[in-house]
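Participant: Need a 3D model of the following:
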Amino acid sequence: MKTKKILLLLSNGFEAYEASVFTDVMGWNKLEGDGSTEVITCGLRKELKCTWNFTIIPEMQLSEVDVTMFDSLAIPGGFEEAGFYVDAFSEEFLSVIRKFDQEEKIIASVCVGALPLGKSGVLKGRKGTTYHLNNGLRQQQLAAFGVQVMNQPIVVDRNIITSSCPSTALGVAFTLLEMLTSADNCRSIKNLMGFYPPYSNTN
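Facilitator: Numbering: from 1, shown residues only. Predicted coordinates:
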């Protein structure tokens, strides 16, 4: 079976939880599911600090990325106060997004991870969503990029997945898994992780 490689593109100031859903869901699939998924972390810096000061060393630098080697792109959101948009709105970051879209590869974002998608132009004239609280400030920002903003938790427009807030992160990861593999395989991983069916005390 062909390995489905997911590039987890991290900006400085990213939210660790929103990134972890991709490594966990795809990791469970790699070991307990159809075995097809592999996540590779990437960034613009040799060390990346998340919103809450958790530091990681990405496996690749963005300059090393060959888009043709990957099947999908995943982008977690982050906080402006932690410098998220410095990396996320950089031309290097936006260029990779455009290349994935040009190749019609799946792009999944969580929360304000949709904003660099909007700024890159790949969502112009298409449906999407982003963080909906705080008086809709981020949704207004996304709309200014020409995006048709939907007031929904998760929006899928062809090859692009966007979502509204951190609570949707697992849903985005499972949506990506289903699109990369199958609905049956995704249900199996949800079951193995205890999400589906609901937890019970019986074995």
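Participant: Strands of the chain, residue ranges please.
Facilitator: Using DSSP state E, the strands of the chain run over 4-10, 37-43, 48-49, 55-56, 60-61, 72-75, 106-109, 127-128, 148-149, 154-157, 160-163.
Participant: where do the helices sit along the chain?
Facilitator: Listed in chain order, the helices of the chain (DSSP state H) span 16-32, 84-88, 91-102, 114-120, 137-144, 169-180, 183-192.
Participant: just the ones you listed: most buried one?
Facilitator: A comparison of these by mean neighbour count, using mean count of other C-beta atoms under 10 Å, puts helix 114-120 on top with a mean of 26. Every C-beta, even on glycine, is put in place using the N, C-alpha and C of the backbone.
Participant: so how far is it off the chain centroid?
Facilitator: Remark: helix 114-120 is offset 12 Å from the chain centroid, using C-alpha atoms, centre = their mean, to the nearest Å.
Participant: For it, which outside residues touch it?
Facilitator: 11, 75, 77, 85, 88-89, 93-95, 97-98, 101, 107, 109, 123-124, 128-130, 138, 141-142, 144-147, 160, 162-163 (C-beta atoms under 8 Å, 6 or more residues apart in numbering).
Participant: Next: stretch 20-27.
Facilitator: In contact with stretch 20-27 (C-beta under 8 Å, 6+ apart) are residues 6, 8, 37-39, 41, 74, 76, 108, 110, 169-170, 172-174, 176-177, 189, 193.
Participant: And for stretch 182-200?
Facilitator: 24-25, 28-29, 32-34, 170, 174, 177-178.
Participant: Try it again at 6 Å.
Facilitator: 28-29, 32-34, 174, 177-178 (C-beta atoms under 6 Å, 6 or more residues apart in numbering).
Participant: mean confidence for it?
Facilitator: The pLDDT scores in stretch 182-200 average 86.
Participant: same deal with stretch 48-64?
Facilitator: In the prediction, stretch 48-64 has an average pLDDT of 95.
Participant: Verify the contact between residue 79 and residue 51 for me.
Facilitator: Yes. With contact defined as C-beta atoms under 6 Å, residue 79 reaches residue 51; the gap is 4.5 Å.
Participant: From residue 102, how far out is residue 124?
Facilitator: To residue 102, residue 124 is 14 Å away according to C-beta to C-beta, to the nearest Å.
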